[in-house]
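[1] Okay, here's the prediction I keep looking at, along with the sequence it came from:
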Amino acid sequence: MQPSDLDGAVRRDLLSLDKSNAETVARHLVMVARLLDEDPEQALEHARAARQRAGRIAVVRETAGVAAYHAGEWAEALSELRTARRMSGGAGLLAVMADCERGLGRPERAIELGRSDEARQLKGDEATELRIVVAGARMDLGQYDQAVVTLQTPDLDPSRTGSAAARLDYAYAEALLAAGRGEEALTWFMNAASADLDGETDAEERAADLADPNSVEWASNAAFAEGDEAETTDDEADAAGDATDTDAASTETGTASTDIGAASTETGTPSTDTGTPGTDIGSASTDTASASTDIGTASSAAAADGGTEADSRAADSATAPAAGKAPAEPGTGDNDDSAALADAVADAEAAADALAADFGDDTKPDDRG
């Protein structure tokens with residue numbers, strides 16, 4: 001590393017310094033140029049060292065500002081660049097200053113710099129760089145359409161090549177994409193890739209991503225639309241499911257009501273015995289109804305003393321054998337009637353005893369013998 005490695009114009013600016021100091025400052029400036037891209041923090045340290053030795057030289061302050069900018073020290077960079085402008089005049093590095101305002105979260109000030117009198121003095125690549133920064137400030141504010149318009153200049157030419165052309169095409173593609181014009185953005189990313197002869201940008205990769213229908217940026221709007229449609233379909237399916245469940249519940253309710261009606265018909269009256277399990281209520285009520293029917297039949301037979309039903313029973317006893325008994329002997333009609341009546345009373349008492357045992361009730365029907 002020799003002071004002679006420094007640009008001749010910069011060496012001339014250092015002639016106001018003594019030879020030893022000028023050589024030291026020159027070496028620091030050479031190191032800044034070498035480390036700026038690889039190690040911007042270390043480059044900034046060399047720039048600060050040069051500033052301490054030659055703080056009254058505009059090119060030294062400008063170099064310190066550029067080094068601070070690459071290291072992300074926006075406030076320091078802006079201060080150094082303003083000082084350099086006061087020393088040398090002109091509109092040099094106005095785009096870097098505007099980008100520092102963006103870095104500090106002040107995009108409005110970046111736009112104001114783009115409208116300044118110094119900005120109107122810029123030509124060529126310097127003017128293009130400032131337009132790119134101002135378009136970025138517009139995008140920071142969400143003004144995507146204005147960003148697109150800001151970059152629409154005669155320099156936006158697909159046939160141009162080189163670093164400045166590639167950067168302009170790339171910035172224009174970014175603005176188009178942010179404005180929702182994906183197909184145009186793809187075209188200009190491809191233009192930027194063609195113009196970028198040194199591979200300074202990732203335009204080729206961005207174009208490949210946009211050309212892929214599965215890419216996030218290309219399919220974001222479609223994905224949102226599909227998501228909304230899927231949510232609508234899910235909601236409709238849920239509504240249909242709820243309706244089906246309601247119909248099924250109604251059917252089950254109707255079935256249950258039918259079962260309840262059948263049970264009520266079978267038992268005659270609903271049970272109020274809460275101490276008995278529900279599954280036993282129906283059978284117990286049915287047994288009760290059968291026992292009551294037997295009692296009523298037996299009581300009617302006992303009350304018809306000498307009546308038609310008793311005569312018919314006696315006649316049947318005289319002419320046909322009863323189940324499980326031997327035929328009655330002739331000549332014993334009165335005794336047979338008395339025996340039949342006694343049997344009926346005995347059967348009635350037995351049925352009453354069974355009913356009382358089932359319900360724990362000591363009450364029995366009145367004797368009718």
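    All right, it came through fine.

[2] Now Leu210. Nearest residue, chain neighbours left out?
    In space, and not counting its chain neighbours, Leu210 is closest to Leu186: 4.4 Å by C-beta to C-beta, 6 or more residues apart in numbering. Yep, even glycine has a C-beta here, placed from its N, CA and C like the rest.

[3] State the mean pLDDT of stretch 200-212.
    Throughout stretch 200-212, pLDDT has a mean value of 92.

[4] Can you point out the buried residues in it?
    Residues Thr201, Ala203, Arg206, Ala207, Asp209, Leu210 are the ones in stretch 200-212 that count as buried (16 or more other C-beta atoms under 10 Å).

[5] cool, and stretch 179-199?
    Under the neighbour-count criterion of 16+ other C-beta under 10 Å, stretch 179-199 has 179, 181-182, 184-196 buried.

[6] do stretch 15-24 as well
    Under 16+ other C-beta under 10 Å, the buried positions of stretch 15-24 are Leu17, Ala22, Glu23, Thr24.

[7] need those in a markdown table with secondary structure, distance to Ala71 and pLDDT, can you?
    Putting the buried residues of stretch 15-24 into a markdown table (DSSP: H, G, I helix; E, B strand; the rest coil; distance: C-beta to C-beta, whole Å; pLDDT from 0 to 100) gives the following:
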| residue | secondary structure | distance to Ala71 | pLDDT |
| --- | --- | --- | --- |
| Leu17 | coil | 25 | 93 |
| Ala22 | helix | 25 | 93 |
| Glu23 | helix | 25 | 93 |
| Thr24 | helix | 22 | 95 |
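
[8] quick one: which of these is nearest Ala119?
    Taking C-beta to C-beta as the measure, Leu17 is the one of these closest to Ala119, at 33.1 Å.

[9] State the distance from the residue lying closest to the closest one once chain neighbours are set aside to Arg61.
    The shortest distance from Leu17 to any non-neighbouring residue, by C-beta to C-beta, 6+ apart, is to Ala54 (5.9 Å). For Ala54, the distance to Arg61 equals 9 Å [C-beta to C-beta, to the nearest Å].

[10] For His123, give its distance to Gly72.
    If you look again at residue 123, you'll see it is Lys, not His. 29 Å.

[11] what would the buried residues of stretch 15-24 look like in TSV with distance to Gly136?
    Formatted as TSV, those follow (distance: C-beta to C-beta, whole Å):
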residue	distance to Gly136
Leu17	38
Ala22	38
Glu23	40
Thr24	38
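
[12] Disregarding residues adjacent in the polypeptide, which is nearest to Ala68?
    In space, Ala68 comes closest to Ala77 once its chain neighbours are excluded; the distance is 3.7 Å by C-beta to C-beta, 6+ apart.

[13] Just the local confidence number for Arg11, please.
    pLDDT, Arg11: 86.

[14] number of nearby residues for it?
    17 (other C-beta atoms under 10 Å).

[15] ok, now Glu76?
    As a burial measure, Glu76 scores 19 neighbours (other C-beta under 10 Å).

[16] unless I'm mixing things up, it is touching Ala68, no?
    Yes. Using C-beta atoms under 8 Å, Glu76 makes contact with Ala68 at a distance of 4.2 Å.

[17] what about Ser159, how many neighbours?
    Using other C-beta under 10 Å: Ser159 sits among 8 other residues.

[18] first to last residue in stretch 146-164, what's the distance?
    Distance across stretch 146-164, first residue to last, is 21 Å (C-alpha to C-alpha, to the nearest Å).

[19] Likewise for stretch 45-60?
    OK, stretch 45-60 end separation, C-alpha to C-alpha: 13 Å.

[20] which other residues reach that stretch?
    Residues outside stretch 45-60 that contact it (C-beta atoms under 8 Å, 6 or more residues apart in numbering): 10, 13-14, 16-17, 21-22, 24-25, 28-29, 31-32, 35, 61, 63-64, 66-68, 80, 84, 87-88.

[21] average pLDDT across stretch 159-178?
    For stretch 159-178, mean pLDDT is 96.

[22] In that stretch, which residues are buried?
    164-178.

[23] The buried residues of stretch 200-212 into CSV, with extra columns for secondary structure?
    Listed next are the buried residues of stretch 200-212 as CSV, based on DSSP: H, G, I helix; E, B strand; the rest coil:
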residue, secondary structure
Thr201, coil
Ala203, helix
Arg206, helix
Ala207, helix
Asp209, helix
Leu210, helix
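
[24] Distance to Gln143 added to those, as a markdown table?
    Listed next are the buried residues of stretch 200-212 as a markdown table, based on distance: C-beta to C-beta, whole Å:
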| residue | distance to Gln143 |
| --- | --- |
| Thr201 | 23 |
| Ala203 | 23 |
| Arg206 | 22 |
| Ala207 | 25 |
| Asp209 | 25 |
| Leu210 | 22 |
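
[25] out of these, who's nearest Gln42?
    Nearest to Gln42, judged by C-beta to C-beta, of these is Thr201 at 25.2 Å.

[26] got a list of what the closest one touches?
    Neighbours of Thr201 in contact, by C-beta under 8 Å, 6+ apart: Ala166, Arg167, Tyr170, Ala192, Ala193.
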